[in-house]
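**Student:** Predicted model, plus sequence, below.
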Amino acid sequence: MNVDQESLEDVRQIARRAIEALRSGVPNGESVKALGTTQRSIVDRFEGLLTETSDATSDRSSLGMVIKGGFGSGKSHLLEYLGEVALAKRFVVSKIVISKETPLHNPTAMFRAAIASAKVPERSGSAIDEIAAALKFDSPRYAALYSWLHQPECKLDQRLSASLRLFESFQGDEEFAEKLTQFWAGEPFSIAEMRKRLREAGWLGGYSLRSTKAMDLSLDRFAFVSRLIHAAGFSGWVLLIDEVELIGRYSLMQRAKSYAEIRRWVEGSKKYPPSPIISVLTSVDDFEGEVLIGKGDYNKIPQRLAAKDRLEEAMLSIDAIAGMKILGSRQSELQSPNDNELNVTYEAIRRIHGAAYNWDPPHVGGLERLGSNRMRQYVRAWINEWDLIRLDPTFIPQTTVTKVEIDYGEDGDLTQSPLFESVDNS
C-alpha cells in the first residue's frame, strides 16, 4: 500500500467511525468535528463561562448551565462539541453520564466518574498523572495553590494540603508519589502513613489529620483538583453532565438531594468549598411538567423536609428549591433546526457516508420536515436509507417515526446508591 492509499484508508476509517457514532446516537470526536453545531447562543454563553473561569480568583464558586431539549434533539452531540471547544482552550474536560453507578446526589460517585473520564489537553495518559507531571514547583501558579491551601481560612481536609507538600518533597520516591496522586484521584491513603512521613520531615505539628465523611472529602477533592489543574498550567476544569432527567426516577429524598446538587453545580454554595469549575448539565424539555409539577416535587419536597424540623433539612430545602427553579425556568433550550441547517447537515453526512464506503450516495427523502421531529431522527433516517440503498440499489426506502416515551416512574434499582463508605477510614 503506497502513501496515497494509506491516507485514503485513514480518511475512510475516520469517516466510518463518524457514521457509526451518528448511526448509534452516541457522538464522538469525529462526528462532532464533521458536523459542528448550530446552537450558537449556547456556545457563546459557554465560551463566556470559559473566559470568566480562566480569569477567576481562587475563591470563586462553580459556574454552570443546564441545557434542555427533547429526546434525540442533539444534547449529547452539543456536549461533545463543547468539550472539544474547552480542550482547545486548554481546559481539562470530564464527561459524566448519570446512571445507577453515578447518581447525581452522590458526590463520591460523581468525583470518581469525573476523574476516570477526564481528558487533559494534548495528553493521552491518566489525567491525574498528567496533571501531576505538569506541576512546576517554582511557578507562580503553584505558589498560589500552596499558599491558598495553607492559609487559616482554607477549610479543605488537611490531608490534601499535607499530601501536596509531601508530593513536592518526596519526588525521588516514585512509589510514594504515586500513592499521593491516587489519593487525589479518590483512592484511600493511610492516615498513619501520612503522619509517619510528616513526622520524618518535621511537619506533623502543622496538620490535623483525621477521618471524615466520604461525601465531604469528595467535595474537597473537587475543589483541590480544580486548583491543581490550574497550578499545572491548564485553564480550568469542565464537567459535562449528561442525562440529568434520570433523577426523575429516584426516590423523593434522592430527588431533593439531586436538586440541591444542581444548585451547587450551577450557582455554587457557601456551604461547600469554592470550586472554580464549569458545569454543563443536560435534561429533557418536559422534566418540569412531568416531575416538578407532575410528581408534585415543587410542593412535596419542601413539605417533607419541613416536617423533619431540623437545620440540616432546612438548608437542604433551600438548595433543593433553588435547584428546582433552575430546572424549571433557567435552562438554555436547544433550538430546532431550520431548513437551511437541515440542508447543511444532510450534505455533510452525505459526504461522510460517501467517504466511509467509497461511493456516491444518491439523494434520499428521509423524514418529512416537521417541527416535532428531532435532529437525531433526521440523521438516523438519512443514514439508514443510504445503508439500504448501498446494499440494494433498487430498493426504495420509506422511514416512519415512533415516539419514545420517557418513563419517570421510581426505579428500585436506581434508588439504591452504589457501595461507597459513608466515612473515609483511610
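**Tutor:** In hand now; what should we look at?
**Student:** tell me which element residue 224 is part of?
**Tutor:** Using DSSP states H and E, residue 224 maps to helix 214-231.
**Student:** That helix packs against which elements?
**Tutor:** Helix 214-231 sits against helix 107-117, helix 127-133, helix 140-149, helix 158-169, helix 174-184, strand 236-242, strand 423-424, with contacts defined as 3 or more C-beta pairs under 8 Å, 6 or more residues apart in numbering; DSSP states H and E. The way it works is simple: take the backbone N, C-alpha and C, and place the C-beta from them, glycine included.
**Student:** contact partners of that helix?
**Tutor:** Residues from elsewhere that reach helix 214-231 (C-beta atoms under 8 Å, 6 or more residues apart in numbering): 58, 92, 106-108, 110-111, 114-115, 128, 131-132, 135, 139, 141-142, 144-145, 148-149, 156-157, 160, 164, 184, 186, 236-237, 272-277, 420-424.
**Student:** Can you flag the buried ones in the residues you listed?
**Tutor:** Burial by neighbour count, 16 or more other C-beta atoms under 10 Å: within these this picks out 58, 92, 106-108, 110-111, 114-115, 128, 131-132, 135, 142, 145, 148-149, 156-157, 160, 164, 184, 186, 236-237, 272-277, 424.
**Student:** List the beta-bridge partners for the most centrally placed residue in the chain.
**Tutor:** Among the residues of the chain, residue 240 comes closest to the average C-alpha position under C-alpha atoms, centre = their mean, at 2.4 Å. Beta-bridge partners of residue 240, counted by DSSP bridges, are residue 95, residue 280.
**Student:** got a list of what it touches?
**Tutor:** Shown in contact with residue 240 (C-beta under 8 Å, 6+ apart): 79, 82-83, 93-96, 280.
**Student:** Check whether residue 131 really touches residue 121, as I assumed.
**Tutor:** No. Counting by C-beta atoms under 8 Å, residue 131 does not reach residue 121; the two are 10.8 Å apart.
**Student:** Of all the helix elements in the chain, which one is longest?
**Tutor:** For the chain, the helix with the greatest residue count under DSSP state H is helix 3-24.
**Student:** Which residues does that helix contact?
**Tutor:** Residues outside helix 3-24 that contact it (C-beta under 8 Å, 6+ apart) are 1, 27-28, 30-31, 34-35, 349, 352-353, 355-358, 379-380, 383-384.
**Student:** Show me what whatever helix or strand comes next after that helix is packed up against.
**Tutor:** Counting by DSSP H and E, the next helix or strand C-terminal to helix 3-24 is helix 29-35. Judged by 3+ C-beta pairs under 8 Å, 6+ apart, helix 29-35 is in contact with helix 3-24, helix 75-88, helix 339-357.
**Student:** as a whole number, average confidence for the longest one?
**Tutor:** The predicted model assigns helix 3-24 a mean pLDDT of 84.
**Student:** Kindly report the same for stretch 64-71.
**Tutor:** 92.
**Student:** Residue 309 and residue 200, how far apart?
**Tutor:** According to C-beta to C-beta, to the nearest Å, residue 309 stands 50 Å off from residue 200.
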